[in-house]
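**Student:** can't give you the sequence, but here's the structure:
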């Protein structure tokens, strides 16, 4: 299936050509050409990605091999099922929205050609890792994504905090990746292959053993660093705080989700509950993650840092869903990945709009700003209500699914803790709404104006999606269910690949 | 046999001639809702454009409703993509399919919905036209047109829905519009008051009171859903397993009684009837549309919609079980239910009629009368259910009365509105002697009240007669007596209304107005034309009463799966039906009732030989008068029990519980969590080497957990 490489190819080509185009445009003294070019690239990549839907519906798993036809393939092998496809669509969509948003938002920054180039390449990396059919391909794309995201976090290099956050992110993420690499070497040692399907096939009936547990733990830890599960989350608040808001939206919305994707693959494809009983581990991990995230978010003064901690909290819910080991749990988790990407992306974009206009991230400086920026504040309120799980917003649907799945799996304590956390989180969301939107503005804030149009369009679109998928969750629910079934029933995947 | 053939020919011809438009079943309620949403936008083009746009929208809805009539007459309906199906046709589209539940949205096209939708849509249109004149120059008209059209759309949605859930959307929608429109004059000027509460308060009262019934209805609907797995009316009717299942849990009676709570609230039946008199604080077209002709009939409509389920399906369910106890439980539940419906109806009819006899405000008389007449409809449904094989008679009588009442009560309200405008007062004792100044209104309202009291040959006569007949059929003489007494009272207050408003000499108030140069004049044509049309309809239906009733009988009973449906068309039954001895006896009862009610009213208010006030004093009726005037003290009791005590309770609980306990606990909790958060913050050191150490520690913990989990 040559179709498979088009999304990545398009993103990479556009990414590589961005600096050239930008320079040319600069010669001709045209503004924003780089942004438009990137937006265009995302759009084409999205179309190319959507074109995969019919073949996928026909065949269930799509395969592509580069070069050698050696069996089993060691590298350069793509295998897309509904799970990977679901994530890839999400990645490109958020990239598209983010690039549109950046048109106005980043217009005061220098080095934009690098910015758009990095953004495109980051998404290319993410799509690639979602499409990868073996660990080497996965690893390469994972690193492409990671490297570009380090640069994007530290994009405003004249600020010390950006450099520090980027460096911290780099060191921690690289540590995680190294651990993964070590685990991969062990896997290769015992199975002789790095293709997902072949590893899964050879581990299918394997009894639990210390070596397998070690491989499992190392893989999990490596991915958990990206997912920002506590205690591997230390990079996240800094990085989200200082990155440009469009990048924060990407980091929180999709980059952390690559970790989730990798975890789902590891837990449900490579391993399974019979090989490694991960229920307790993930239950504890999820409780730690959501509790630390939500409690620390309570007292934050910096809005972006608050949202960053809230991201950690939401990662906790998703990990809870993964810990259940049921299709319903997985469906809830995957749907929450989608919903969280939209609503948290929206939240970061909204706060970006506010920062763009006021130049401050501090809650105390922003009191009453919502009254001066009606569209931004309404969309921000929608995202916050959605995040806190109010019915008729999309966040409610997936939280509801996760908690009902937890009840089904008889994880009562976990459900109670999750609900308590969800209740706790409402406090800081409502506090934001109250401070930013209900109070009277004063001083400098009283004079601000609404953000420019290219910032508002993405906000409105995403707020609309939040409500749409809250009142009509069916299509995306079906999609998530399809993805969950694809992830859960690994035999189909294994058969589809090993037959090649 | 002859009549069957005749009907077939008729059917064939109509089906061929009239252009069929199946989408009308959807469009009839979508158009007004969309029109309502567009109103604020259209308002930008000018006030005139907005007004005519709103009226046009309701006209379109009415035309759509009219387009369904040929389907009803031909007995089949075309669902695009499926083809021709016989009525009842259930056209469904997927709506909610999640969490393992599938609920379809849809329209149910059968003779009941076609009948009801035409009554609602056409009367709505006439009232919208009337509004053009009545509401001219008022403030906030965009809001008015929005809610009027939104109301019409929701009402039609309610009627066309094929399942309870979708119907509840319309049900709540009309409730919302009712609330908004009662409180339309939310500035609460003193002249807008009806009774002793301001309009905004009246709106809230209506909303809260009907909500009590709605909640009962919802609880019941959801309990039914847990057993039946569907909200669909036809499925509930055909798969009667749920009745058996509910009977096994012993829930069957509570569930259907709760179900009736919805109709009781919406249709202002005892004990939830107290909201309607105050609802008159809204503009008169609103009273005519929502609180006389359509929304308050929703309860009757829903009961009629569920009627085949409560009669036939219950019977079949009871026959399908072997267990004697459960069978008995089902039959008892059915019997108790209909007995309750009949008695609530009869009692409400009596209660409200007695209050109407002493009311002073013209709209309030009409409001009590509405409550009373809806009581009649409920009574008819109740006795229908008790009559066994003759269930259809009560059913048709109820719906016939619904239609004729909608016609003449809308006309009475509109006429009353014209009088209010002309006399600048709401109290009818401040009017009087305006017959010459307002001849058209006088004639129309006269026809209206005569129809209301059941004078032949107006439509009200035939429908009331049918109700008496149904009472007799069920063999329940006590109910018949109550109905007859109510009929006497109805004639009394009807004549009183006409006599006090139009006849006699002018009141002090009017004389004062005239001395100030104010001239009492007939309403404008845009106002009188709608109610004149309704007058013509009342007379027209009255003149062909028996034929119309017979046609309606044939038309409506097709929704009932009773044996009678097929019998109806054979000539023998028709003739037996026509010259039944019961018909004569009910006519006699009507005549007696009219004399008993009519003579005193004539003496007091038309010939004025007896002065009512001295009459009351002389015969020691003062306490009865006060009792009726104070609405049997029911309203006061409600306020004492629910409103004043609740306010007192909440005041106390605020002082003692909220401030001391809740706030205290809140602050304590907040401080605790904040300090916990501050402690937890220390893990976020920001020092990279510690962070990497975190990874290592996490690795160890993970291993440990995995080891424990194994």
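**Tutor:** Good, I have the coordinates. This is a predicted model, so every value here is computed, not measured.

**Student:** what parts of the stretch 251-400 of chain A come near chain B?
**Tutor:** Counting by C-beta under 8 Å from any C-beta of the partner chain, the stretch 251-400 of chain A comes close to chain B at A:276-281, A:284-285, A:292, A:295-296, A:298-299. All C-beta atoms are positioned from the backbone trio N, CA, C, and that covers glycine.

**Student:** per-residue pLDDT, the residue of chain A found nearest chain B?
**Tutor:** For chain A and chain B, the shortest gap (C-beta to the nearest C-beta) falls at residue A:280, measuring 3.4 Å. In this model, residue A:280 is scored at 90, pLDDT.

**Student:** now it. Nearest residue, chain neighbours left out?
**Tutor:** Nearest residue to residue A:280 in three dimensions, chain neighbours excluded: residue B:709, at 3.4 Å (C-beta to C-beta, 6 or more residues apart in numbering or on different chains).

**Student:** among the residues of the stretch 251-400 of chain A next to chain B, name the ones in strands.
**Tutor:** Secondary structure from DSSP state E places none of these in strands.

**Student:** okay if I get those residues as JSON lines plus neighbour count?
**Tutor:** Converted to JSON lines, those look like this (neighbours: other C-beta atoms under 10 Å in any protein chain shown):
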{"residue": "A:276", "neighbour count": "25"}
{"residue": "A:277", "neighbour count": "17"}
{"residue": "A:278", "neighbour count": "26"}
{"residue": "A:279", "neighbour count": "19"}
{"residue": "A:280", "neighbour count": "15"}
{"residue": "A:281", "neighbour count": "24"}
{"residue": "A:284", "neighbour count": "19"}
{"residue": "A:285", "neighbour count": "28"}
{"residue": "A:292", "neighbour count": "23"}
{"residue": "A:295", "neighbour count": "23"}
{"residue": "A:296", "neighbour count": "26"}
{"residue": "A:298", "neighbour count": "21"}
{"residue": "A:299", "neighbour count": "18"}
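
**Student:** closest to residue B:78 out of those?
**Tutor:** Nearest to residue B:78 among these is residue A:279, at 56.6 Å by C-beta to C-beta.

**Student:** just checking, the closest one touches residue A:285?
**Tutor:** No. Applying C-beta atoms under 8 Å as the test, residue A:279 and residue A:285 come out as separate, 10.7 Å apart.

**Student:** need the overlap of contacts for these two.
**Tutor:** Jointly contacting residue A:279 and residue A:285 under the rule C-beta atoms under 8 Å, 6 or more residues apart in numbering or on different chains are residue A:323.

**Student:** tell me the one among the residues of the stretch 251-400 of chain A next to chain B nearest to residue A:191.
**Tutor:** Among those, residue A:276 lies closest to residue A:191 (C-beta to C-beta), at 15.0 Å.

**Student:** contact partners for the closest one?
**Tutor:** By C-beta under 8 Å, 6+ apart, the neighbours of residue A:276 are A:208, A:212, A:213, A:216, B:706.

**Student:** among those, name the buried ones.
**Tutor:** A:212, A:213, A:216, B:706 (16 or more other C-beta atoms under 10 Å in any protein chain shown).

**Student:** so the third one sits in a helix?
**Tutor:** This means residue A:216. Yes. According to DSSP: H, G, I helix; E, B strand; the rest coil, residue A:216 belongs to a helix.

**Student:** who touches it in this structure?
**Tutor:** With contact set as C-beta under 8 Å, 6+ apart, residue A:216 has these partners: A:266, A:271, A:275, A:276, A:278, B:706.

**Student:** now the helices: where do they sit in the stretch 501-650 of chain B?
**Tutor:** Assigned by DSSP state H, counting those that start in this stretch, the helices in the stretch 501-650 of chain B fall at B:508-515, B:525-543, B:545-556, B:564-568, B:571-578, B:581-601, B:612-618, B:622-629, B:634-638, B:645-653.

**Student:** mean pLDDT for those: which is lowest?
**Tutor:** helix B:564-568 (a mean of 34).

**Student:** residue B:138: neighbour count?
**Tutor:** Residue B:138 is flanked by 13 other residues according to other C-beta atoms under 10 Å in any protein chain shown.

**Student:** what about it, which SS state?
**Tutor:** Quick answer, by three-state DSSP: residue B:138 is coil.

**Student:** secondary structure element holding the closest residue to it other than its chain neighbours?
**Tutor:** Leaving aside its sequence neighbours, residue B:138 sits nearest to residue B:144 (C-beta to C-beta, 6+ apart; 7.0 Å). According to DSSP states H and E, residue B:144 maps onto helix B:141-160.

**Student:** how far off centre is that helix?
**Tutor:** Mean C-alpha position of helix B:141-160 versus that of the full chain (C-alpha atoms, centre = their mean, to the nearest Å) differs by 14 Å.

**Student:** likewise stretch A:490-500?
**Tutor:** 27 Å.

**Student:** that stretch: which residues count as buried?
**Tutor:** Of the residues in stretch A:490-500, A:490, A:493, A:494, A:496, A:497 count as buried by neighbour count, 16+ other C-beta under 10 Å.

**Student:** interface residues of chain B facing chain A?
**Tutor:** B:96-99, B:673-674, B:676-678, B:680-681, B:683-684, B:686, B:688, B:691-692, B:694-695, B:697-699, B:701-703, B:705-710.

**Student:** now do the strands in chain A.
**Tutor:** Ranges of strands in chain A, per DSSP E, are A:62-65, A:77-80.

**Student:** coming back round to it: the residue of chain A closest to chain B reaches residue B:708, doesn't it?
**Tutor:** Yes. Judged on C-beta under 8 Å, residue A:280 makes contact with residue B:708 at a distance of 6.1 Å.

**Student:** re the thing from before, next step: the buried ones among the contacts of residue A:276 restricted to helices.
**Tutor:** Among those, DSSP state H puts A:212, A:213, A:216, B:706 in helices.
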